[in-house]
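Chemist: Test case, fold it:
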Amino acid sequence: MSTDAGSWDTHPLTADRFDDFADVVNKNRRTTHCWCTTHRLSPKEIDAYGGREEAMRALAASAQPPGVLTYVDDVPVGWCNIGPRASITRLNSSKLITPVDDTPVWSIVCTIVRTGYRRRGVTRALIDGAVAYAASRGAPAVEVYPVDPPGRMDLTMAFVGVKPMFDAAGFEVVGTTRAVAGGLPRLVMRKVV
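Modeler: Sure, this is the predicted structure:
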């Protein structure tokens, strides 16, 4: 995809792209940072790998990449944690975000745009790339669990996404959850691919 911002490319996170991933989600390589492992692995599993960074490195080297990276002109600018809902441990066992039906959806857990690249269209390119990736791997639909804030949202909870960004990407509300983020209820939105 090409835009005024440059040329967009989205690729699965593999071992050879790990440093690009780290540059987007944890440029300073803080060990206490999330590293996007908390939804996929239990604390015990993370400890068994030797920590969050090592756990994510192992996931990136696995047969099922844990998400996708979006690049603009070869610079990594966005991360999307996406995969089959059944493989996202915390989501799959959630009592607050339960399945709407039996469709074997893929789920987007979070999206992150690299500092310095916000408000440039990265999120839309990232979501479109993640959906295309899921479709290429046989996903029948992709779900997200955003909030619908009345105005700007606290950025610490913005990783779950906001309804308007998924509306723009063709997702539709198909249900509600008992979960909240930033004090706001989370929706279930889906896009059939």
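Chemist: give the contact list for the closest residue to Ser42 other than its chain neighbours.
Modeler: Leaving out its chain neighbours, the residue that sits closest to Ser42 by Cβ to Cβ, 6 or more residues apart in numbering is Thr89, at 6.5 Å. Using the backbone N, CA and C atoms, a C-beta is placed for each residue, glycine as well. For Thr89, the contacting residues are His39, Arg40, Leu41, Ser42, by Cβ atoms under 8 Å, 6 or more residues apart in numbering.
Chemist: Helix or strand next in line after the helix or strand of the chain with the lowest mean pLDDT, which one?
Modeler: Here the helix or strand of the chain ranked lowest by mean pLDDT, DSSP states H and E is strand 2-3, holding a mean of 44. Sequence order places strand 6-12 as the next helix or strand after strand 2-3, per DSSP states H and E.
Chemist: quick one, the biggest helix by length in the chain and strand 6-12 angle?
Modeler: Secondary structure of the chain per DSSP state H: the longest helix is helix 122-136. Interaxial angle of helix 122-136 relative to strand 6-12 (axes from the mean of the first three to the mean of the last three Cα atoms, to 10 degrees): 40 degrees.
Chemist: Helix 122-136: what's the following helix or strand?
Modeler: strand 141-144.
Chemist: Would you mind listing which of the contacts of Thr89 are buried?
Modeler: Listed as buried from these are His39, Arg40, Leu41; burial here means 16 or more other Cβ atoms under 10 Å.
Chemist: Which residues are in contact with the second one?
Modeler: Read it as Arg40. Per Cβ under 8 Å, 6+ apart, neighbours of Arg40: Leu59, Pro66, Asn81, Gly83, Ser87, Ile88, Thr89, Arg90.
Chemist: could you check the angle strand 6-12 makes with the helix or strand where the first one lies?
Modeler: Okay, so that is Leu59. Per DSSP H and E, Leu59 falls inside helix 52-60. Angle, helix 52-60 to strand 6-12, by the same axes, to 10 degrees: 90 degrees.
Chemist: helices or strands next to helix 52-60 in the packing?
Modeler: helix 18-25, helix 43-49 (3 or more Cβ pairs under 8 Å, 6 or more residues apart in numbering; DSSP states H and E).
Chemist: Which residues does the shortest one contact?
Modeler: The set of residues that contact helix 43-49 without belonging to it, under Cβ under 8 Å, 6+ apart, is Thr37, Thr38, Leu41, Arg52, Ala55, Arg57, Ala58.
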